[in-house]
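1. fold the following and give me the result.
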Amino acid sequence: MLFDAAADAMLLVDDTGHVVHANASALQMFDYVENEIVGLDVEALMPSLHRQSHQQYLEKYFNRPEKRPMGKGKNLVALRRDGRKLPVDIGLSPIQTQGQRFVLVTFHVTEKQAQVEESLRTNEERLRLAKLAAGLGIFDYDVKSGVLVCDERMREIEGLAIGDNMTIEQYVSRMHPQERPVAQATLDRATNPNGDGVYKLEYRLKSPPSGTERWVSSVGKVYFEDGEAVRMLGVVQDITEHKMLEKKLQAQRVEMESLAKQQVAIQTASAIAHEINQPLAAISAYSEVALFALGAGDLDTDRLRRSLEGCVTQSQRAGKSLHELLEFLQKGEVTLVPIDLNKVIQKALSITQHNGYGGFHATLDLEPDLPHVLANPLQLQKVLVNILRNGIEAVHNAGVPIAAINVMVRTQADSNMAQVTIQDNGPGLSNETAKRIFEPFFTTKSKGIGMGLAVSRALVEANGGQLWFDPESSTGATFHFTLPLAGT
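-> Numbers count the residues shown, from 1 in each chain. The predicted structure follows:
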């Protein structure tokens, strides 16, 4: 009875090295039930490295049986049923009854192991509290079986019933159609043994039964064995509130940007009007005098000549004033440098997505090993972002469910130029609008100022290329622009 009630883990082993009896503490420590451990060779409870020499130690001990610690000064390890190693201290006590020899083996989990277990429990509690505070859901995906096991929070975020799990295919299929290709590509990349196995996803879900849209963020890591993906661990978080706030801030930023541009346009127009108002008024006055002289019966040629000379002088003054003003606004010459056009396009897409113009699917058809082009990177970026924004706005305003933007880059060997083509899936432009889209202050937007495409064309031309609209496009609106290859 005392043997079974002891707090320490104890085994009674006979002189052949087999377990005769184990108390409750030992059963718990080694994760066995009584009928499994009784009769078990005690060597099964030690790492394989020590099993060969154990029989010799057993014989030596029974030749000189005494109560003593086992392996004094050594780091001893016991083996649980699941293969986990336990650092232990072991005490040996000989017992002889009815002519048969036994040894009572007592196990103490070492202080270091106790500290490790306590630290593990503390860390687990911290992780639980952090998980609770952040609203994180956890999943464990067995790549071979295809089963994705979710915790309660994960099921709540995904809209699953209690106890439900799903396959990875079902996980992807629950995402918004627009995010599925990107999600599948990200997961394929993460499970590729040539990579680091880390992945990060943001996707939308339709929350049943209301059908409201929610945003979810997921990060995790894939683990490999023998060059094959075997397990994926990850966490998910509902970021809908964050996305809504981000969208609101983006809308405010776009509105402020639009107001700033409008003020710049107003100030520019006011400056132009101020500079040329007086010369125009003088030209008008001289013209009236000339007309009066022509209408008089007695033609005064000297007076007529002075009037016409005044018109010429004032028109030249107006032209000079306008030229000086434009020089001031341009603020110096354009600096052109060799740049990677493909990278600038990718950056422009990222800027567009994160500045209030998200919700579109971009398809890139970039020429590999593209030679560098000669351009000003900031000006080129402005051109790309402006054309992308125009396309996305046109698609959204037309009520198209998913905005799609296709960007293609090709080199023109005969002209040593790179050509960029940007096409959207919107309604396109009418013939009348297409004729005027590059005119300053012409706009089809309720809050537009009509300078975007005019400025974009001027910037492309300043970089040595051309920008034009393709009226023959069969889908949406298509713009092309060229840039010179570096070194040409």
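
2. beta partners for the residue lying closest to Gln412 once chain neighbours are set aside?
-> With sequence-adjacent residues excluded and distances taken as CB to CB, 6 or more residues apart in numbering, Gln412 is closest to Gln419, at 5.8 Å. For glycine as for every other residue, the C-beta is placed from the backbone atoms N, C-alpha and C. In this entry, Gln419 is beta-bridged to Arg410, Thr482, by DSSP bridges.

3. how many neighbouring residues does Gln419 have?
-> When neighbours are defined as other CB atoms under 10 Å, Gln419 has 17 of them.

4. please apply the same query to Met417.
-> Met417: 19 surrounding residues under other CB under 10 Å.

5. what's the answer for Val385, then?
-> Neighbours around Val385, by other CB under 10 Å: 19.

6. distance-wise, check it relative to Ala348.
-> Relative to Ala348, Val385 is positioned 5 Å away (CB to CB, to the nearest Å).

7. and the helices in this protein, which stretches?
-> With helices called from DSSP state H, the chain shows them at 2-5, 24-30, 34-37, 54-63, 111-134, 152-158, 168-173, 180-190, 240-295, 301-330, 341-353, 377-397, 431-436, 452-462.

8. what's the most buried one of those helices?
-> When these are scored by mean count of other CB atoms under 10 Å, the highest mean neighbour count falls to helix 377-397 (a mean of 20).

9. gap between it and the chain center?
-> Helix 377-397 sits 21 Å away from the centroid of its parent chain (CA atoms, centre = their mean, to the nearest Å).

10. mark out where each domain of the chain begins and ends.
-> Per automatic domain parsing, the structural domains of the chain span 2-114, 135-238, 244-330, 337-484.

11. could you dump the ones you listed to CSV with mean pLDDT?
-> Listed next are the domains of the chain as CSV, based on pLDDT from 0 to 100:
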stretch, mean pLDDT
domain 2-114, 83
domain 135-238, 83
domain 244-330, 73
domain 337-484, 85
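
12. returning to what we had before: wait, which of the helices of the chain is closest to Leu485?
-> Nearest of the helices of the chain to Leu485, taken as CB to CB: helix 341-353 at 9.4 Å.

13. and the closest one with helix 377-397, angle?
-> Using axes from the mean of the first three to the mean of the last three CA atoms, to 10 degrees, the inter-axis angle of helix 341-353 relative to helix 377-397 is 50 degrees.

14. give me the contacts around helix 341-353.
-> 360, 362, 364, 366-367, 370, 372-373, 375, 377, 380-381, 384-385, 388-389, 392, 405, 407, 409, 418, 420, 483 (CB atoms under 8 Å, 6 or more residues apart in numbering).

15. over to stretch 89-107?
-> By CB under 8 Å, 6+ apart, stretch 89-107 touches 8-15, 20, 26, 29, 42, 61-62, 65-71, 76, 78, 88, 108, 110.

16. ok, now with 6 Å
-> 8-15, 62, 65, 67-70, 76, 88, 108, 110 (CB atoms under 6 Å, 6 or more residues apart in numbering).

17. which PyMOL command selects the buried ones in the residues you listed?
-> Entered in PyMOL, the line below selects the buried ones among the contacts of stretch 89-107, by 16 or more other CB atoms under 10 Å:
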select buried, resi 9+10+11+12+13+15+65+70+76+88+110
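
18. among the contacts of stretch 89-107, which ones are in strands?
-> Counted as lying in strands by DSSP state E, out of the contacts of stretch 89-107, are 9-14, 68-70, 76, 88, 108.

19. export those as CSV, with columns for distance to Cys150.
-> Shown next, in CSV, are the ones in strands among the contacts of stretch 89-107 (distance: CB to CB, whole Å):
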residue, distance to Cys150
Ala9, 36
Met10, 41
Leu11, 41
Leu12, 45
Val13, 45
Asp14, 49
Arg68, 52
Pro69, 48
Met70, 46
Leu76, 40
Val88, 37
His108, 40
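
20. pick the one among the residues you listed closest to Arg155.
-> Among the ones in strands among the contacts of stretch 89-107, and counting by CB to CB, the member closest to Arg155 is Ala9, at 38.5 Å.
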